[in-house]
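Asks: here is a sequence together with a model predicted from it:
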Amino acid sequence: MFVSSDLDIRPCRGCFGCKKGEGGCAIQDDMQKVYAELDDADALIFATPVYMGQMTGQAKTFMDRLFPTNSPKFSPYYKEHGSKKKLLLVFTQGNPDKTKFQAYIGYTKRMFELLGYDVKEPIAVTGTRSAEAKDIAGLGVTLLSAGADLLK
């Protein structure tokens with residue numbers, strides 16, 4: 001498990017060094033540890049709070065730096081892969097209205113799909129301004145079920 005705020009991850013430079021040859025990302029930082037783990041992973045759980053109506057800056061930097069691990073069909077560097085990596089998106093938000101940020105959550109789901117991930121139905125954990133996620137009724141069951149679906 002990686003927590004992006006605990007890692008030294010610099011932003012993507014858009015140099016396409018990751019697509020030229022077999023060298024991978026040209027930026028040498030903590031993301032190299034993540035790449036090594038992702039190679040062996042069957043699935044990825046991407047969780048972030050919603051700040052200012054979107055994912056955190058750290059989460060966006062992390063997402064951008066996933067570019068070397070995939071080659072979307074719209075890319076001139078496209079390569080067919082045997083199977084898509086499964087992905088579960090989890091968003092926490094202080095606002096109790098589950099529909100408040102659905103447009104952004106849907107956009108993020110589509111973006112990961114464009115990048116070649118098999119994205120499962122995103123989970124929005126609401127009301128975290130007034131209660132900690134661990135205290136939200138039924139959340140544990142929801143997350144366990146979503147995790148089990150990733151293993152299928």
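Replies: That came through, no problem.
Asks: can we go C-alpha only for contacts and neighbour counts from here?
Replies: Will do.
Asks: which secondary structure state does Leu38 sit in?
Replies: helix (DSSP: H, G, I helix; E, B strand; the rest coil).
Asks: distance of it relative to Thr128?
Replies: Noted for Leu38: a distance of 29 Å to Thr128, by CA to CA, to the nearest Å.
Asks: quick check: Val90 is in a strand.
Replies: Yes - applying three-state DSSP, one finds Val90 inside a strand.
Asks: what's around it, how many residues?
Replies: When neighbours are counted by other CA atoms under 10 Å, Val90 registers 18.
Asks: what bridges to Ile89?
Replies: Actually, residue 89 is Leu. It isn't Ile. Beta bridges link Leu89 to Phe46 when assigned by DSSP bridges.
Asks: quick one: it and Lys120 touch, right?
Replies: Yes - between Leu89 and Lys120 there is a contact under CA atoms under 8 Å: 7.4 Å.
Asks: if you count what's nearby, which of the two comes out ahead?
Replies: Leu89 (20 against 16).
Asks: OK, contacts around the more buried one?
Replies: Counting by CA atoms under 8 Å, 6 or more residues apart in numbering, Leu89 makes contact with 45-47, 109, 119-123.
Asks: dump those into a markdown table; add distance to Lys98 and pLDDT as well.
Replies: A markdown table is the format used below for the contacts of Leu89 (distance: CA to CA, whole Å; pLDDT from 0 to 100):
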| residue | distance to Lys98 | pLDDT |
| --- | --- | --- |
| Ile45 | 20 | 94 |
| Phe46 | 18 | 94 |
| Ala47 | 16 | 95 |
| Lys109 | 16 | 97 |
| Val119 | 19 | 95 |
| Lys120 | 17 | 95 |
| Glu121 | 14 | 94 |
| Pro122 | 12 | 96 |
| Ile123 | 10 | 95 |
